[in-house]
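Enquirer: turn this into a model:
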Amino acid sequence: MPVPLAPYPSPPVPLTTPTPANGSQSQLVCSSCRNLLLYPVGATSVCCAVCNAVTAAPPPGTEMAQLVCGGCHTLLMYIRGATSVQCSCCHTINLALEANQVAHVNCGNCRMLLMYQYGARSVKCAVCQFITSVGASTSAIEQKFNT
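Expert: Alright, predicted model coming up:
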């Protein structure tokens with residue numbers, strides 16, 4: 001008498017978290033350990049997988065921006081349109097400029113790309129401390145490097 005063979009068991013279904021129909025995600029920085037967290041758009045809070053801290057998510061539709069703290073180089077996220085952002089690590093108050101409010105120039109000494117606010121007459125390089133003039137007038141050193 002033949003023994004009936006049992007079919008192979010079906011593989012387990014992986015655990016997935018529900019996401020919006022379009023699958024869009026957003027990101028924020030953990031309020032405790034500063035890790036970057038991804039979360040589905042529409043979530044009201046996010047639990048960090050590293051430190052288990054719960055961080056409140058901004059309301060849907062809120063545009064976020066990022067900058068690097070000038071004091072401790074931590075990535076900061078803030079609501080777009082803010083004029084300044086205080087770092088929660090070192091408490092430095094950082095000027096938050098929109099892309100249309102800043103310009104770029106290469107350092108006249110080490111050629112590092114520098115960012116400065118429109119209207120500034122000079123910018124100091126954080127790497128070599130050289131002060132580069134910007135705007136209509138340029139120094140002989142800058143002209144040598146720009147040609």
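Enquirer: gap between the residue positioned nearest the centre of the chain and residue 29?
Expert: Among the residues of the chain, the one closest to the centroid is residue 66, at 3.7 Å (Cα atoms, centre = their mean). Between residue 66 and residue 29 the distance, using Cβ to Cβ, to the nearest Å, works out to 9 Å. C-beta: built from backbone N, CA, C; applies to glycine.
Enquirer: quickly list what's touching both of these two.
Expert: With contacts defined as Cβ atoms under 8 Å, 6 or more residues apart in numbering, the residues adjacent to both residue 66 and residue 29 are 75-77.
Enquirer: quick one on the thing from earlier: residue contacts, the residue nearest to the centre of the chain?
Expert: Taking Cβ under 8 Å, 6+ apart as the definition of contact, the neighbours of residue 66 are 75-78.
Enquirer: and of these, the nearest to residue 124?
Expert: Sorting those by distance to residue 124 puts residue 76 at the head of the list, at 21.4 Å, by Cβ to Cβ.
Enquirer: pretty sure the closest one is touching residue 65, no?
Expert: No: counting by Cβ atoms under 8 Å, residue 76 stays clear of residue 65, with 9.2 Å between them.
Enquirer: perfect, I'm done here.
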